[in-house]
Each structure stands twice: as structure tokens, then as C-alpha cells.
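Asker: Predicted model and sequence follow; I will ask about them next.
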Amino acid sequence: MTFDRSNVEERKVLAERLKKHVLNPTSWPNPMILFPEGTCVNNKYAIRFQKGAFQLGVKVCPVGIKYDRYWGDPYWDTRKGFLYYAFYRMTRWITPVDVYYNHPTNPHPHEDAVEYGDRVKQMIASSADLEIENFNGMAKRDLLVALAEIET
């Protein structure tokens, strides 16, 4: 599901759709996969999680994913364009990953969405040996857009 983060109405509609889905008893035990960072990082850091996924107030199973760069770097440098990235990825025959599963966890009664997300991020960072940074991955995209506008 895609949405415009800057559009409050779209965020509300998405939140309702997600909540309806995760609370539907027929969709359990695999209701959905969310990537709360909102972007891919470089195997070194766990960056700020977007709070929307944690506002649902439901149990999550924290999972960390680290890529093995030996067979090719899986990260998309948006400055090089999507066609370059697509060709690069399609010419790599394997993308090995290490997956770190953590025990499912529920929000604590006293936690808000940000605190819940931070606790989940800590679990993932600890299991996958990542450093925690309070960097907003979406800010990078905004910066790249602004720089592109300046160049034109």
C-alpha cells in the first residue's frame, strides 16, 4: 500500500485499512509485513522508525535483515536512477541475507507508538548487531528532492 506521507488524509485512510486488516481474525497468523524505517540502510545502523506501524497497538514480530555485499550491493542509490539499479540487480544471480527473528512482542500499557517502536528497534539492533541512530530516513529523500530542484 502506498501513500503520500505529507497528506494527512491519506495517512488516516491507510491507518484505518491497516488496523482493519490486522484485527481481522481470518488474516492471522501472517497479517502483513511492514518496514517501519521507510527506507533501506547500509547494514550498520537502525534508523528512526516511522510511528504509524506502531500506532496500530498490536503484537509485532521484530525481524532484522542484513545483506551480504559479497555478491553485489543491494542498496539503491537513487542518484543513479532506477533503470541502473534494476539492471544491476537483475545481473546478480544471488542476494544472500542474514535474517534475525526476535520473539513477538506486544505494546506495554504505558507505551505510546514512538516508545513501542523504539523498543522494537532496540530488539532488532541488538540481535542484528546494528548501531541505533536517530536519523530520519525519509529526510534523505526530501534532501535529494530539494537538491534536484536546485540543480534544475
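Answerer: Perfect, thanks for sending it. Residues are numbered from 1 along each chain as shown.
Asker: Domains in this structure, by residue range?
Answerer: Per automatic domain parsing, the domain ranges recorded for the chain read 1-32, 34-151.
Asker: Among the ones you listed, show the one with the smallest mean pLDDT.
Answerer: Sorting these by mean pLDDT places domain 1-32 lowest, at a mean of 79.
Asker: Show the end-to-end separation of that one, please.
Answerer: Start-to-end span of domain 1-32 (CA to CA, to the nearest Å) is 11 Å.
Asker: Which residue ranges of this structure form strands?
Answerer: For the chain, the strands defined by DSSP state E occupy 45-46, 63-67, 97-101, 131-132.
Asker: Make a markdown table from those and add mean neighbour count and distance to residue 22 to it.
Answerer: Every residue, glycine included, has its C-beta placed from N, CA and C. As requested, those are exported to a markdown table (neighbours: other CB atoms under 10 Å; distance: least, CB to CB, whole Å):
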| stretch | mean neighbour count | distance to residue 22 |
| --- | --- | --- |
| strand 45-46 | 18 | 23 |
| strand 63-67 | 17 | 16 |
| strand 97-101 | 12 | 19 |
| strand 131-132 | 12 | 26 |
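Asker: neighbours around the spatially closest residue to residue 85 that is not a sequence neighbour, how many?
Answerer: Nearest non-adjacent residue to residue 85, counting by CB to CB, 6 or more residues apart in numbering: residue 76, 4.5 Å away. Residues contacting residue 76 under the criterion other CB atoms under 10 Å number 16.
Asker: before we move on, what about residue 115?
Answerer: Neighbour count for residue 115, taken as other CB under 10 Å: 14.
Asker: who's in contact with it?
Answerer: Counting by CB atoms under 8 Å, 6 or more residues apart in numbering, residue 115 makes contact with residue 108.
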